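Enquirer: sequence first, then the predicted structure, then my questions.
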Amino acid sequence: MRTMDNLIALAGDMGYTELADILKAAKPLLRISTVEALTVEAESDEARNIKAMNAEAAKAAAESFDQKTLYLRLQPKMGEAFSTAIPLQRSQQSSPLQSPLVQDGLLQGRHPQGDLPQGVSASSNCLYFSDGQTLYKTAYLLRCVLAQSHQLWYEKIIEANLKFNDITLKQPDLLAMIRYFHSLMKNPVIIYDEFFNVTDITDTRLCDYDRDENDLHRCELHNLFYYKQYVHFLRPDAPKPGCNRLLFPVLLEGMPKGYLAIFDLETSYEEMDMMLLEIFANAALTEMRRRLELRDVEYKFVSDFIYDLIYRKEDKEDEIKRRAKRLSVATDAEYCFFAVNPTGPMDRLRLDTNGYITQYEFMNDRIMNHIENFNCRHYEQDIVTKFDNAIYILHRVGQKRKQESYEEMKVYCSRLLHMLTMQFSGMHFQIGIGEIVCGLTNAAGSYHQAWATISYGELINGKDCSFIACYADNSLLKLFMRLNEIGALNEIIPENLRAVYDYDQKSNTQFYETLKAYLACGCNARRTAKQLFVHYKTMLYRLEKLRHTFHIDLEDGTTRLFLELGIHLLDMKNQA
């Protein structure tokens, strides 16, 4: 941008020292900081004699203001000067313009540093000259300086464009892009993922801030849009209390999948070069979009790999090994599946997406993102994927210690559960741990065990609570899985118990729940009636019905044992 400071410095570099002195002296008197255009207005003698312009019109003309246009005007004859013009001052020193086009004595007069030379005055966005020769020569020199400034700007834009293209084509590096942009504009940059986790940053002091909710504006560039918003930094070592944040979203299929944030700390928003900003934003967003598309391909590859591993056909084993090799997954190591089942009001949770409405699947992706980031910090060789609403971790055993125990796995899962409940308040997370298996191709069994453990945990603890359950800790669950595998489950469940259950399903009665509660209450009829909120005589009637209609002898200890086992197995079967 052609700021007054840049023009003064450039005029000095080009040898136009007298012009640089004029601009430097006029700068405090002008209300213009950026010069994008130059307009010369010279009055003829005939125009000066026209008296149609009254004093108020003359004053309004003198005070007309354009933020980016500098006017060079010929000052009226003595006695007709605008009331807003600065009085002419005679200087003490002279410094001829260093240009062959400027004759000696062009801008005559001596003046101390900071004062305008004789015959020159300044006001608003205008420079006034007492004679036409000085006016035109100054205009010529200013045009030379502006042309040189424009040429330097073009060279800077071309160099920046070539640099960003070089980074993009030869060795794509998002961090190198934002560092180069920071060297040009001196403004820090932060790259966020779709959940506003920082992925790249040039100044870590800026990562914590509050947004001004009443100051959100959507702005347009040629082929981009961004959100401009004022932010207040929270860290005491932040360079400033606050500044503007320009937020560019990366869209894939209409949804934001990442963000580029630029903070106008050094170069203010008003002084930022929009062309340079657009070149950088296009290059950075293109690279971010490329990474996101590659990530989607990788996620699909991993998801297909895990799916084939769990539900594979016999002819898929060679394909699984080929994919495992590409993912650097050892086929002869020990593995264990962790299953994480989110439950609760996900639709009521909201994301800070600057205007984008959260969706159910978007929240589920956010949960997986937190699990993936947390897991990568502890076990780099694990694979995290998602089927429907549940998230699964294929855990390679022995990454930190050769003999990893189930207790160590449960400690890790408890930390994971704590992180999730802190991040997603009001939700519940159920974690199931399968058995350790030797060999990648045997991991399918661990997967089914992890999910069966969650089903059993819901049966014992209820659906609306968080828990961690380990398949290796529960003998009853092992019995259920084993009997179910060999098809012997129905042989363990008493026939009269199944008859009670089927009768309730057909007749919409509650004998099965009554029997279940009666056994849980230690065969105490009064306590069971109170728990079921029924009259004591109703309770006695139901027990009598169970005894005579279904031939259930609750006085026999062996019968009660098989009934309790059958109830657990039947509930687990229905839950599965």
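Expert: Good, I have the coordinates. Residues are numbered from 1 along each chain as shown.
Enquirer: next, count neighbours for A20.
Expert: 23 (other C-beta atoms under 10 Å). Placement of C-beta: from N, CA and C, glycine included.
Enquirer: F196 falls within a helix, correct?
Expert: No. Looking at F196 with DSSP: H, G, I helix; E, B strand; the rest coil, it is coil, so not inside a helix.
Enquirer: wait, it sits on A261?
Expert: No. Applying C-beta atoms under 8 Å, one finds F196 not in contact with A261, separated by 9.5 Å.
Enquirer: and the strands in the stretch 151-300 of the chain?
Expert: 189-193, 198-201, 209-220, 225-233, 242-252, 255-263 (DSSP state E, counting those that start in this stretch).
Enquirer: quick check: the closest residue to N461 other than its chain neighbours vs Y192, distance?
Expert: Excluding the flanking residues, the one nearest N461 by C-beta to C-beta, 6 or more residues apart in numbering is F467, at 4.9 Å. The gap separating F467 from Y192 is 33 Å, by C-beta to C-beta, to the nearest Å.
Enquirer: ok, now C144?
Expert: Per C-beta to C-beta, C144 is found 45 Å from Y192.
Enquirer: the two: which has the busier surroundings?
Expert: Y192 (21 against 17).
Enquirer: my read: the more buried one touches A261, true?
Expert: Yes. Between Y192 and A261 there is a contact under C-beta under 8 Å: 6.5 Å.
Enquirer: how is this structure divided into domains?
Expert: 4-149, 172-295, 329-473, 491-575 (automatic domain parsing).
Enquirer: format the ones you listed as CSV; extra columns: mean pLDDT and distance to S303.
Expert: Formatted as CSV, these follow (pLDDT from 0 to 100; distance: least, C-beta to C-beta, whole Å):
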stretch, mean pLDDT, distance to S303
domain 4-149, 65, 53
domain 172-295, 89, 12
domain 329-473, 82, 5
domain 491-575, 87, 26
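Enquirer: reformat those as TSV; add distance to D318.
Expert: Conversion of those to TSV gives the following (distance: least, C-beta to C-beta, whole Å):
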stretch	distance to D318
domain 4-149	67
domain 172-295	26
domain 329-473	11
domain 491-575	35
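Enquirer: tell me which of those domains sits nearest to Y307.
Expert: Closest of those to Y307 is domain 329-473, at 7.4 Å (criterion: C-beta to C-beta).
Enquirer: picking that back up, how many neighbouring residues does the residue nearest to N461 have?
Expert: F467, neighbours per other C-beta under 10 Å, totals 17.
Enquirer: I'd like to know how far it sits from G432.
Expert: From F467 to G432 the distance is 9 Å (C-beta to C-beta).
Enquirer: tell me which residues touch L277, please.
Expert: Shown in contact with L277 (C-beta atoms under 8 Å, 6 or more residues apart in numbering): M185, L221, L246, I262.
Enquirer: make a PyMOL selection of the buried ones in those residues.
Expert: Selection of buried members from the contacts of L277 for PyMOL, criterion 16 or more other C-beta atoms under 10 Å:
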select buried, resi 185+246+262
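Enquirer: looks to me like A339 is in a strand.
Expert: Yes. The assignment for A339, made by three-state DSSP, places it in a strand.
Enquirer: ok, and what's touching stretch 260-272?
Expert: Applying C-beta under 8 Å, 6+ apart, the contact partners of stretch 260-272 are 1, 3, 33-34, 185-192, 206, 228, 231, 239-240, 243-248, 250, 277, 281, 284-285, 288.
Enquirer: any of those buried? List them.
Expert: For the contacts of stretch 260-272, a burial check counting by 16+ other C-beta under 10 Å picks out 1, 34, 185, 187-192, 206, 228, 231, 243-248, 250, 277, 281, 284-285, 288.
Enquirer: and Q403, what element?
Expert: Counting by DSSP states H and E, there is no helix or strand that carries Q403.
Enquirer: the one 4 residues further on now?
Expert: Element membership of E407, judged by DSSP H and E, is helix 406-423.
Enquirer: heading C-terminal from that helix, find the next helix or strand.
Expert: strand 428-433.
Enquirer: ok, that following strand: who's next to it in the sheet?
Expert: strand 334-343 (antiparallel), strand 467-470 (parallel) (DSSP bridges).
Enquirer: can you give me how far the first one is from the chain middle?
Expert: In other words, strand 334-343. What separates the centre of strand 334-343 from the centre of its chain is 26 Å, taken as C-alpha atoms, centre = their mean, to the nearest Å.
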